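Enquirer: Here's a sequence, model it:
(chains A and B)
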Amino acid sequence: MNKFTEDDLKKELETKEYEYGFYTDIEADKFPVGLNEEVVIAISKKKNEPEWMTLWRLEAFKVWKEMKEPEWANVRYEKPKFQDISYYSAPVQKKQLDSLDQVDPELLKTFAKLGISIDEQKRLSNVAVDIVIDSVSVATTFKKTLNEKGIIFMPISEAIQEHPELVKKYLGTVVPTTDNFYAALNSAVFSDGSFCYIPKGVTCPMELSTYFRINEGGTGQFERTLVIADEGSFVSYLEGCTAPARDENQLHAAVVELIALDDAEIKYSTVQNWFPGDKEGKGGVYNFVTKRGLCEKNAKISWTQVETGSAVTWKYPSCILKGDNSVGEFYSIAVTNNFQQADTGTKMIHLGKNTKSTIISKGISAGHSQNSYRGLVQIGTRAKNARNFSQCDSLLMGDLCGAHTFPYIEVKNKSAQVEHEATTSKIGEDQLFYCNQRGINTEKAIALIVNGFSKEVLNKLPMEFAVEAQKLLEISLEGSVG
Amino acid sequence: MLEVKNLHASINNKEILKGINLEIKAGEVHAIMGPNGSGKSTLSAVIAGKEDYEVTAGSIILNGEDLEDLAPEERAHKGVFLSFQYPVEIPGVTVTNFIKTAINESRKAKGLEELPAKDMLKLIREKADLLEIDRKFLSRSLNEGFSGGEKKRNEIFQMAMLEPKLAILDETDSGLDIDALKVVANGVNKLKSKDNAVIVITHYQRLLDYIVPDFVHVLYNGKIVKSGGKELALELEAKGYDWLK
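Expert: Below you'll find the model as predicted:
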C-alpha cells in the first residue's frame, strides 16, 4: 500500500546517526580520574598560572565541596560520579605552534569533519575561530587582524598570562564561584576557554567564534569564557560544540561571563550540538552550563541559542540589567528528540531604570523527550519603567513527548510592564497531508513547519550560521513524527 | 487522463465510496455535485492519496499509471493537485517559501535541478499577476489570518505555479462572496488548457456559471447516480437532489 507508516519513520530515524559522532585518534595528555586539591593545583600548574589564580581555584573547590547538586530542574538522570572523571585532557602537541601547518594532521582532519576550515574560507565569511578540544584551546585564527584594532581574542589560559589585570578584574564578577554547584566546579577545574576584550568604541569587524569539542572518553569539559565589551564597543560572538558518540555520559559544565560596559553591545549566539545519546537514551552529554551577562548603562546583551544536542540540558543564559536604559534579549530554540531532556530558559534581572528585556523561546519536542522552559523576570525596586515581553511557544510531535513552561515573575516596582504569552501546538496530520499533496514529503514538511515555527529566533542568528542551524534542526528531527 | 474504476473506499471500516466509475479526458472539465455526506470530499481525498482512507476495491489510473502504491507527494509529482476546502495554516512559512519548496521538491523527484532563484521569482510574479494577487500577499505566512477568499485564491495560485495535469477543486466556492468567486473562477479558466483536466466539486450550480463544465455527475451515497451535460446542474438547482434518490 501507499502508506508511509510510523514504523517506516521510526526505521528511518534509527538509521539516522549523529553526524559528529567520530573520535579522533590523537595522543592525549590526560590526568588520572578523580578530584581533590592536588588535582586543582596540578591543573593550575599545568597552565603555568600565577598564584592568585591557583588560590582562586582552591577557594572555588572549597566552596564546591560544601555544595549539593541542584535538583529543582525538570530533568531525571543519574548523577555524574565526580571522582570517576578525568579533569584534564589535552591533545599532545610537540611544541608551540607558529602556524597551522604544524598542527597535527589528525587534528586538521577533525576540523574538516566539523566543517571548520581554518583558512581563506573563514576569511571570506569573516569569522575568527578559537577551537577548544577537550580541555585546551588548539588554534586561534586571525589574531593579527584583531590585534590591529586592539581586540584581544585568545584562549583564556593565555589571557591569564598575558592580561592578568583584565582577567583578575572581571573573572567571577558576573558568575561568582559560589553561584551554583556547577559554576563552583567549573571555577575550580576549568582548563581553557576563550577570552575576548573589545576596547572602547571599537566595533569588532568580524564574528568571533569558538568551537568546543569533547574528544577523549571519560573526561569532562569545563570551559570558561569571558567576554568584555568596553564602553561603546560591539561584538558578535558565536560558539558551537560537538562530541563523539559514546555509550557513557560525558559531563560538560561551562561558565560564560559577559560584561557590557556603558553603551556597549554583545551579541552571543550558541549552536549547541553535543552528542544527544542514542535512540534508546544511552550516552550523551550532560550539559550543565551557567551563562550570564552584566549590562551597564545603555548597554545591550543579546543571547541567541539553538539547542539541539545533549542528553540533559540545564542552562539559563541570563542578563543583569544593572545600568539605566540597558537591554537584555533572549532568543532560544530548544529541540529535544528520543530521550533528551532540556530545562532551559533565562533570567532577566531588571535593576536599572527604563531597562527592557525580550524573551522569545521556541521549544520543539519529539520522541519521548521532555522540554521545559524556565524563566525568571525580576523587576527590582529601583527599576522604574522597566519592561519585559516574554513569548514561549511549544511545538509537539507525536504523543509521547512533553512540553512544560515555568515562568516566574517578580515585580517590585509598580511602574513596570511585564507581558507573558505562551502557546502550545502540535504538528497536525492535516498540515502534513497538505504539504504532501503539494509534492513535499513528510520529512521535508516537518522541516518546513519547524523552520517556520522557529523563524523569529533563526532570524537573530548571524547569517553564516542561520543556514547551518536550519540544517541542524532538520537533522535533529528527521523521522520524528508519529 | 484519469480513469476511476469501481472505486470502493472506507474510513474506520465505514464504506464511503461504493463503486465509483469516472473517466476524464485531457481538456475536459467535470463537475461533481451532490448533497452533504455523499462522498464528494472523500473522492478527492482518495484520489490525492490521503492515508486515512482505505481503498478496498477498484483502481485509480492516471495517464495509464495505477496510483495505488503511490504516496500523496508522488501523486502530486505525477500532476495531481487538490485545491483544499479548508487550506491549513503554516505559521512562519511564507506563501513564497512554501511554493518554492513545493516546486523544487517536484523538480527533485523528476531528477531536475532546483529552479534558480531568479527564475523562481519571475515565475511567481508572472502567476501572481495572472491571478491579480498583490505582491505583499506573497510574503505573508501561509493561510495565517487569510480571509476565505484569500485562502482560495492562494490555492489557485499554487495550482498556477505547479501546473498540474489533473486539478481537483474541492468546494472552492464555499465561503466566497460573489466577487471572490469570480476572481477564483477566472483564475481557473485562465489555467485551463487542452492538456489538463479539472474536477470541480461543489454543492451549488453557482460556481458552474463561471467555470463551465463539459460533464456533470451527481454523487449520492457513495455512487454516481446520474451523469449529464452542463444543463444537469441547472436541473439540480431547480429540483434539488431528492428526485435522484
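
Enquirer: Please identify the helix or strand for the residue nearest the centre of chain B.
Expert: Residue closest to the average C-alpha location in chain B (Cα atoms, centre = their mean): residue B:168, at 2.1 Å. Per DSSP states H and E, residue B:168 falls inside strand B:166-170.

Enquirer: anything in that strand near chain A?
Expert: No. Using Cβ under 8 Å from any Cβ of the partner chain, strand B:166-170 stays clear of chain A, with a minimum separation of 9.8 Å. For the C-beta atoms, the positions are set from N, CA and C on the backbone; glycine is no exception.

Enquirer: try stretch B:198-210
Expert: No. Using Cβ under 8 Å from any Cβ, stretch B:198-210 stays clear of chain A, coming no nearer than 14.3 Å.

Enquirer: what about the closest residue to residue B:171 other than its chain neighbours, how many residues close to it?
Expert: Closest residue to residue B:171 apart from its sequence neighbours, by Cβ to Cβ, 6 or more residues apart in numbering or on different chains: residue B:85 at 4.3 Å. Other residues near residue B:85 come to 20 when the count uses other Cβ atoms under 10 Å in any protein chain shown.

Enquirer: can you tell me how far residue B:85 sits from residue B:131?
Expert: Plainly put, residue B:85 is 19 Å away from residue B:131 if you go by Cβ to Cβ, to the nearest Å.

Enquirer: Next: residue A:444.
Expert: The spacing between residue A:444 and residue B:131, counted by Cβ to Cβ, is 26 Å.

Enquirer: Likewise for residue B:151?
Expert: Noted for residue B:151: a distance of 13 Å to residue B:131, by Cβ to Cβ.

Enquirer: The two: which has the busier surroundings?
Expert: Between residue B:151 and residue B:131, counted using other Cβ under 10 Å, the more crowded position is residue B:151 (22 against 19).

Enquirer: show me the contacts for the more buried one.
Expert: Counting by Cβ atoms under 8 Å, 6 or more residues apart in numbering or on different chains, residue B:151 makes contact with B:87, B:143, B:175.

Enquirer: what about the first one, which SS state?
Expert: Think residue B:87. When classified by DSSP: H, G, I helix; E, B strand; the rest coil, residue B:87 comes out as coil.

Enquirer: what number of residues lie near it?
Expert: Here the number of neighbours of residue B:87 (other Cβ under 10 Å) works out to 19.

Enquirer: what sits opposite residue B:57 in the beta ladder?
Expert: For residue B:57, the beta-bridge partners are residue B:8 (DSSP bridges).

Enquirer: and the residue in chain A that chain B sits nearest to, how many residues sit next to it?
Expert: In chain A, no residue comes nearer to chain B than residue A:452, which is 3.0 Å away by Cβ to the nearest Cβ. Counted with other Cβ under 10 Å, residues neighbouring residue A:452 total 22.

Enquirer: Give me the spatial nearest neighbour of it, chain neighbours excluded.
Expert: Setting aside the residues directly before and after it, residue A:452 is nearest to residue B:92 in space (Cβ to Cβ, 6+ apart), at 3.0 Å.

Enquirer: The one you found belongs to a strand?
Expert: Yes. Per three-state DSSP, residue B:92 lies within a strand segment.

Enquirer: circling back to that earlier point, from the contacts of residue B:151, which single one is nearest chain A?
Expert: Among those, and counting by Cβ to the nearest Cβ, the member closest to chain A is residue B:87, at 6.9 Å.
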